[in-house]
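**Q** any chance you can model this:
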Amino acid sequence: MAYSDDLPIARRYWRHVFGVRLTGQAAITVPDLRGVLAAVVAGAGITVLPRYLCLGELASGALVPLLSPEDPPINTGYLIQRPGASDNPHVVLVRERLLRAGRTW
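**A** Predicted coordinates for the structure are as follows:
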């Protein structure tokens, strides 16, 4: 299962972990990662998901990893803001929460 026909997450994972290009196709495509997660939890198939998205399901046993590579791929995210201080307290709050939560990813 994947969120896109071109399998961006699975392709990146496959190349990093196995060192070869993924040539398969998704049997089912759901255009939202949360939808993919829900479908896999319901038993619809297997997928490659970011760990942060399915931590709860892994902890509860609703999902199990099929492989736990020694060197898992990483996905770098960038938090970007206009130069200078923000006048919007909500922007500051979101930035602080993302930085704090990001340490656990």
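
**Q** which residue ranges form the helices in this structure?
**A** 8-18, 33-41, 51-60, 89-102 (DSSP state H).

**Q** mean pLDDT for those: which is lowest?
**A** With a mean of 88, helix 89-102 has the lowest mean pLDDT of the helices of the chain.

**Q** ok, residues contacting that one?
**A** 77, 79, 81, 86 (CB atoms under 8 Å, 6 or more residues apart in numbering). All C-beta spots, glycine's among them, are computed from the backbone N, C-alpha and C.

**Q** what's the angle between that helix and helix 51-60?
**A** Interaxial angle of helix 89-102 relative to helix 51-60 (axes from the mean of the first three to the mean of the last three CA atoms, to 10 degrees): 60 degrees.

**Q** now helix 89-102, how far from the chain's geometric center?
**A** In terms of CA atoms, centre = their mean, to the nearest Å, the centre of helix 89-102 is found 20 Å from the chain centre.
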